[in-house]
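>>> dropping the sequence and predicted coords here.
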Amino acid sequence: RRRALEEPLGRARQHLKFILGATKDIQFLHDVLSRSLGPRLFYQVPDVTALFMRKIGLDRECLQEFETRSEFEERATPYHFANALAVLKAAGCDEAARDLFEEAIQLERQGRRPIQWACLEQTPAVYISGLEHRPIWEGP
């Protein structure tokens, strides 16, 4: 079954990369991502899925949310980076996930680094600084 999908997925990957390079319209990119790929195919083409999510997250409109929303609210850039990382990690694309994680935590906005994830294993869409990281939360 996997072998039968290789050729169509290869063609789809080429078309998706073309679309990614041809437009900066994040609404269009989001529509392609959600309607053409959808969650079923995210893990079949995790590299391209992550590229779409990254490009959307780095758009000016998304980045502006660092100034208009508090750390307690969902902001588009960390949301899209977190989703891209989830896809890459689940698909076993460890090196690509590490690279994207490093890019996210190095991102600068108005002289500061707004994405403050401490480790690749914990990359929530909403990160609250000062909240203790624990692998498992038990009890009060």
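Ah, there it is.

>>> nearest residue to Phe81 other than its sequence neighbours?
Among residues not flanking Phe81 along the chain, Ala104 sits closest, at 4.6 Å (Cβ to Cβ, 6 or more residues apart in numbering). C-beta: built from backbone N, CA, C; applies to glycine.

>>> helix or strand for that neighbour, just tell me which one.
Counting by DSSP states H and E, the element that carries Ala104 is helix 94-106.

>>> avg pLDDT for that helix?
Taken as a whole, helix 94-106 carries a mean pLDDT of 97.

>>> what packs against that helix?
Here helix 94-106 touches helix 46-57, helix 76-90, going by 3 or more Cβ pairs under 8 Å, 6 or more residues apart in numbering; DSSP states H and E.

>>> what's the spacing between the nearest residue to His30 once chain neighbours are set aside and Ile128?
Spatially, and ignoring its direct neighbours in sequence, His30 is nearest to Ile56 (6.0 Å; Cβ to Cβ, 6+ apart). Distance, Ile56 to Ile128, using Cβ to Cβ, to the nearest Å: 23 Å.

>>> can you check His80 too?
His80 is 18 Å from Ile128, where distance means Cβ to Cβ.

>>> do Lys24 as well
Where Ile128 is concerned, Lys24 sits at a distance of 31 Å (Cβ to Cβ).

>>> likewise Ile26?
Between Ile26 and Ile128 the computed distance is 26 Å (Cβ to Cβ).

>>> of the two, give the one with the bigger neighbour count.
Ile26 (20 against 10; other Cβ atoms under 10 Å).

>>> what does the pLDDT read for that one?
93.

>>> for Phe52, see how far away Ala12 is.
Where Phe52 is concerned, Ala12 sits at a distance of 12 Å (Cβ to Cβ).
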